[in-house]
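**Q** What follows is a predicted protein model with its sequence.
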Amino acid sequence: MRDILTYPNVINFITSLADGELNIATEVSWLIIALVLSMVGGAIGGMLLAGKDIGYQFSAMLGALFAPAGAIPAILLGLAALNFLTNY
């Protein structure tokens, strides 16, 4: 497992993530990271808003399901804008 960081492809991928270079691999990885973070935030928000009314587990599940529905289009739009702006 330690040797995974010695592969040239992995080193190039991590370098492109750190540099802010936008290609298809980094865009997909940022989309997955943002999706996970929006699910966590939606679960916390659902628990805060409706935890006492419908139960904490159910409200966390609904919040985690509905949060990416609003976050994914915004993330894709932001990545497209960043990709457009890096060309100029």
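**A** In hand now; what should we look at?

**Q** So for the strand or helix carrying Gln57, what gets flagged as buried?
**A** When elements are assigned from DSSP states H and E, Gln57 belongs to helix 56-86. Of all the residues in helix 56-86, those buried under the rule 16 or more other C-beta atoms under 10 Å are Ser59, Ala60, Leu62, Gly63, Ala64, Ala67, Pro68, Ala71, Ile75, Leu79. Using the backbone N, CA and C atoms, a C-beta is placed for each residue, glycine as well.

**Q** where's Ile32 relative to Ile4, distance?
**A** Spatial separation of Ile32 from Ile4 under the definition C-beta to C-beta, to the nearest Å is 18 Å.

**Q** hmm, I was thinking of Leu85
**A** 33 Å.

**Q** Could you do Asp53 as well?
**A** 46 Å.

**Q** again, but for Ile14
**A** 10 Å.

**Q** Could you list the low-confidence segments of this protein?
**A** 1 (pLDDT under 70).

**Q** correct me, but Leu17 touches Glu27?
**A** No. Using C-beta atoms under 8 Å, Leu17 is not in contact with Glu27, being 10.5 Å away.

**Q** separation between the residue sitting furthest away from the middle of the chain and Leu62?
**A** In the chain, the residue that sits farthest from the middle, by C-alpha atoms, centre = their mean, is Asp53; the gap is 29.0 Å. Asp53 is 11 Å from Leu62, where distance means C-beta to C-beta.

**Q** I appreciate the help and will end here.
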